[in-house]
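**Q** test case, fold it:
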Amino acid sequence: MNQLKIGRFLAEMRKQQHLTQRELADALGISDKTVSKWECGNGMPELSYMQPVCKLLKIDLNELFSGEKLTDADYKQKAEENIMSLVKEAEKTKTNIIGGKAFGSANHVAMDAQNTHQINNTFWSTTGNECLEAVSLPDWGGYCPSEDKLHLLECLSGKRVLEICCGNGGSLKYAADTGASDLWGLDLSADQLEHARHFLSAHGISANLICSPMEEDCGLPRDYFDVVYSVYGIGWTTNLDQTLQHIHSYLKPGGLFVFGWSHPIHKCVSIENGRLIFRNSYFNEAWYRADLGGSKIMLANRMMSTYINALAANGFIIEKLIEETDLEKAHAADNDFGKKALMLPTVFVIKARKR
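**A** Here you go, the predicted structure:
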């Protein structure tokens, strides 16, 4: 479906009806920026607006999807082409959300672990931090209450601590500042670890940093750590069970595992014109590849039950599930992400313990 062609057609039909963008927007109860976005080819009218748009512009749905006025001779052919185009787009494309970033054109793909690691390693070694505005403790991400309020990690003083997907080292500094005595970090990206090494060294902090996919046995000590945690890291794994098995083996008996990730319902819903719109099926856990900030990423959407059941199956006792919004932060944000966080959780954090 050619959105640029459709946008030009909408603009032409609007002008034929002697309507400004503001007048059309007012008639539909939306902003003129939304109309401008349609006419520039940067989006399509939502389903609920399509028939009202057609009525105001004196066209029909088939002409809207075709981006041109149709004669009786080509009407049937265009109708069939438009139906097939809609079916193909529904099969291939969805909107996904990580943190507060929404992106489209996410295509379902077969997952190959080596290829996925290569793609995601390139992303995090180049534009990852800038694109996703990577967070670190005490922030759990989104508009979730901070660790300073939640106290999920309990007391880190004198503890042996491991961070999964430690990134640029911000969370390891937090652990050091709160008294952790033995710091370890694991990350897929050697470039991220180099940033972390310089950052921690500049603050006089020593840490053992290991470059490896979290799903693989990378030689970390077994039954050693008091606390393992991860901020927006676990969701990148290509094999959740293997990752949790390894984390379980690293922890002492009774050791603590805490991780946060983008909430599954957050990734299904977008906010448009002040309304929540379901864009993806909650039950679809297929892998997808998408473009973000000029780089590609590979991810899978997982249901909340997938994380909880995997923890239980791999020797963890779940002590707490956080699905809260920091209302003060969300109200102060004054943006769509903040408004969305007032209506549904954008982040979840799970506190679990090794049996």
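
**Q** which intervals of the protein have sub-threshold pLDDT?
**A** 1, 76, 83-109, 293 (pLDDT under 70).

**Q** need the contact list for the nearest residue to residue 170 once chain neighbours are set aside.
**A** Using CB to CB, 6 or more residues apart in numbering and skipping residues adjacent in sequence, the residue nearest residue 170 is residue 136, 2.9 Å away. Using the backbone N, CA and C atoms, a C-beta is placed for each residue, glycine as well. Taking CB atoms under 8 Å, 6 or more residues apart in numbering as the contact definition, residue 136 lies against 167-168, 170-171, 173-174, 231.

**Q** burial measure for residue 140, as a count.
**A** 28 (other CB atoms under 10 Å).

**Q** which element is residue 256 on?
**A** strand 251-262 (DSSP states H and E).

**Q** so what's the backbone phi/psi at the closest residue in space to residue 319 that isn't next to it in sequence?
**A** Spatially, and ignoring its direct neighbours in sequence, residue 319 is nearest to residue 351 (4.8 Å; CB to CB, 6+ apart). Main-chain dihedrals, residue 351, degrees, to the nearest 10: phi -110, psi 120.

**Q** which residues of the protein fall in strands?
**A** 96-98, 101-103, 107-108, 160-164, 182-187, 208-211, 225-231, 251-262, 269-272, 275-278, 287-292, 295-300, 316-322, 347-354 (DSSP state E).

**Q** enumerate every residue touching residue 197.
**A** 169, 207, 209 are the contacts of residue 197 under CB under 8 Å, 6+ apart.

**Q** can you tell me which of those lies closest to residue 327?
**A** residue 169 (30.4 Å; CB to CB).

**Q** the closest one: neighbour count?
**A** The number of residues near residue 169, taken as other CB under 10 Å, comes to 28.

**Q** for residue 281, same thing?
**A** 11.

**Q** can you tell me the closest non-neighbouring residue to it?
**A** residue 268 (7.1 Å).

**Q** go on, residue 75?
**A** Nearest to residue 75 is residue 62, by CB to CB, 6+ apart, at 6.7 Å.

**Q** ok, that neighbour to residue 51 distance?
**A** Distance from residue 62 to residue 51, counting by CB to CB, to the nearest Å: 12 Å.

**Q** out of those two, which sits in the more crowded spot?
**A** residue 62 (16 against 13).

**Q** for that one, give me its contacts.
**A** Here residue 62 is in contact with 70, 75, 78-79, 82 (CB under 8 Å, 6+ apart).

**Q** could you do residue 160 as well?
**A** Applying CB under 8 Å, 6+ apart, the residues contacting residue 160 are 180-182, 184, 224-227.

**Q** of these, buried ones?
**A** Among the contacts of residue 160, those classed as buried by 16 or more other CB atoms under 10 Å are 180, 182, 184, 225-227.

**Q** which single one of those residues is nearest to residue 22?
**A** residue 227 (56.2 Å).

**Q** residue 155 is in contact with the closest one, correct?
**A** No - Residue 227 is beyond contact range of residue 155, at 9.7 Å (criterion: CB atoms under 8 Å).

**Q** what is residue 298 paired to in the beta sheet?
**A** residue 289 (DSSP bridges).

**Q** coming back round to it: which of the contacts of residue 62 lies closest to residue 120?
**A** Nearest member of these to residue 120, counting by CB to CB, is residue 82, at 36.2 Å.

**Q** count the neighbours of the closest residue to residue 221 other than its chain neighbours for me.
**A** Leaving aside its chain neighbours, residue 221 sits nearest to residue 250 (7.0 Å; criterion: CB to CB, 6+ apart). Around residue 250 there are 21 other residues, counting by other CB under 10 Å.

**Q** now do residue 250 against residue 310, distance only.
**A** Residue 250 sits 16 Å away from residue 310, going by CB to CB.

**Q** contacting residues for residue 256?
**A** By CB under 8 Å, 6+ apart, the contact list for residue 256 reads 153-154, 226-229, 351-354.

**Q** same thing but 7 Å
**A** By CB atoms under 7 Å, 6 or more residues apart in numbering, the contact list for residue 256 reads 154, 226-227, 353.

**Q** now do residue 284
**A** So residue 284 contacts residue 301 (CB under 7 Å, 6+ apart).

**Q** how much space separates it from residue 300?
**A** 9 Å.

**Q** kindly report the same for residue 255.
**A** Counting by CB to CB, the gap from residue 255 to residue 300 is 27 Å.
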